[in-house]
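J.: quick one, structure for this:
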Amino acid sequence: MRPDFTPRYYQIEQALRGRIAKLRPHDLLPSESELCAEFNVSRMTARAAVQKLVTEGLVYRVSGRGTFVAEPPTHRRAENLVSFSEHTRRQGYEPTSRLLHATLRPAMEEEANRLLLRGPVDVVEISRVRLADNVPTALERAVFPPELSGLLKTDFVAGSMHEALADLGKLPTRGHSSIRAGVADAYEADLLAVAPGTALLIEVRLILDQHDQPCELTESRYVGDRYILDVAFEVDASGARKPESPDAGR
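T.: Model (predicted):
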């Protein structure tokens, strides 16, 4: 039997996600002490699971009252690592995929560099059309290190890639992405059921696992009016002119 690599906080987090999907906004969730008793974990572990959900905006805390289900978000927050499947379900749509190809092939130089692979090596490539309620929303091409060749046995029509990675002992934990604008060529337009030249949002992201090792490099091409990223930011005021003192010039 394969050992279970899944951390306890992740198991609690996933269990709570399942409950949240069946609850209504502002319904009360179990307290940290109740989670400790139910899952036989420390308060720190229970708190880590709940905090992840707070960060993603799935739940909110009220001091002295507890943790509650949040209103479902309409857009994806760019600073949160959320799979397409999870994001689509939050919006009330059913996520599915149409597999274009899944193969083991030689890595390109940039892929090897970003995934920290040494020497001539193969990578797993999986390309899909992602759909929300059967409406094509994105083209996705993902590459993975060769030790994740078990992904080739995954059901890519209804399955979540991140869940498949967790089953293989790789927990997507953090990452970074670059986003740019583009337009659909004839091939992409046909797959996405749009006209050639339609605006696309192109995101390239590198995802790290629980050991801070690269586990996924993905390029996603979203139809511009079918997928929206919300971005929170801070203003860099380092180059701004400071307000003059009221006494200046006296």
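J.: could you give the mean pLDDT of stretch 163-174?
T.: Stretch 163-174 comes out with an average pLDDT of 87.
J.: between its first and last residues, how far does it reach?
T.: 15 Å (Cα to Cα, to the nearest Å).
J.: give me the buried positions along it.
T.: Across stretch 163-174, burial judged by 16 or more other Cβ atoms under 10 Å covers Ala164, Leu165, Ala166, Leu168, Gly169, Lys170, Leu171, Pro172. From N, CA and C alone the C-beta is placed, and that goes for glycine too.
J.: please, which helix or strand holds the closest residue to Leu99 other than its chain neighbours?
T.: The shortest distance from Leu99 to any non-neighbouring residue, by Cβ to Cβ, 6 or more residues apart in numbering, is to Phe156 (4.6 Å). Taking DSSP states H and E as the definition, one finds Phe156 inside no helix or strand.
J.: returning to that earlier point: closest to Glu32 out of the buried residues of stretch 163-174?
T.: Leu171 (21.9 Å; Cβ to Cβ).
J.: skipping adjacent residues, who's closest to that closest one in space?
T.: Nearest residue to Leu171 in three dimensions, chain neighbours excluded: Gln210, at 4.4 Å (Cβ to Cβ, 6+ apart).
J.: neighbours of that neighbour, how many?
T.: 17 (other Cβ atoms under 10 Å).
J.: show me the shaky parts of the protein.
T.: 1-6, 72-83, 85, 87, 90-92, 158-159, 227-250 (pLDDT under 70).
J.: against Arg205, how distant is the spatially closest residue to Glu86 that is not a sequence neighbour?
T.: What sits nearest to Glu86 in space, not counting adjacent residues and going by Cβ to Cβ, 6+ apart, is Ser160, at 7.2 Å. Using Cβ to Cβ, to the nearest Å, Ser160 is found at 16 Å from Arg205.
J.: go on, Pro172?
T.: From Pro172 to Arg205 the distance is 10 Å (Cβ to Cβ).
J.: same question, Pro106
T.: From Pro106 to Arg205 the distance is 22 Å (Cβ to Cβ).
J.: of the two, who's got more company?
T.: For Pro106 versus Arg205, neighbours defined as other Cβ under 10 Å are more numerous around Arg205 (16 against 10).
J.: next, the contact list for Pro95, please.
T.: Counting by Cβ atoms under 8 Å, 6 or more residues apart in numbering, Pro95 touches Phe84, Ser85, Thr88, Arg89, Arg130, Leu131, Ala132, Ser160.
J.: in TSV, list these along with distance to Ala112.
T.: Shown next, in TSV, are these (distance: Cβ to Cβ, whole Å):
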residue	distance to Ala112
Phe84	25
Ser85	28
Thr88	31
Arg89	34
Arg130	26
Leu131	31
Ala132	33
Ser160	26
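J.: sitting in strands, which of those residues do you find?
T.: Among the contacts of Pro95, DSSP state E puts Arg130, Leu131, Ala132 in strands.
J.: touching, the first one and Ser97? I think so.
T.: What that stands for is Arg130. Yes: using Cβ atoms under 8 Å, Arg130 is in contact with Ser97, at 5.6 Å.
J.: which helix in the protein has the most residues?
T.: The residue-count maximum for a helix in the chain (DSSP state H) belongs to helix 8-22.
J.: packing partners for that helix?
T.: Here helix 8-22 touches helix 32-39, helix 43-55, going by 3 or more Cβ pairs under 8 Å, 6 or more residues apart in numbering; DSSP states H and E.
J.: single out the most deeply packed of the ones you listed.
T.: helix 43-55 (a mean of 17; mean count of other Cβ atoms under 10 Å).
J.: relative to helix 8-22, how tilted is that one?
T.: 40 degrees (axes from the mean of the first three to the mean of the last three Cα atoms, to 10 degrees).
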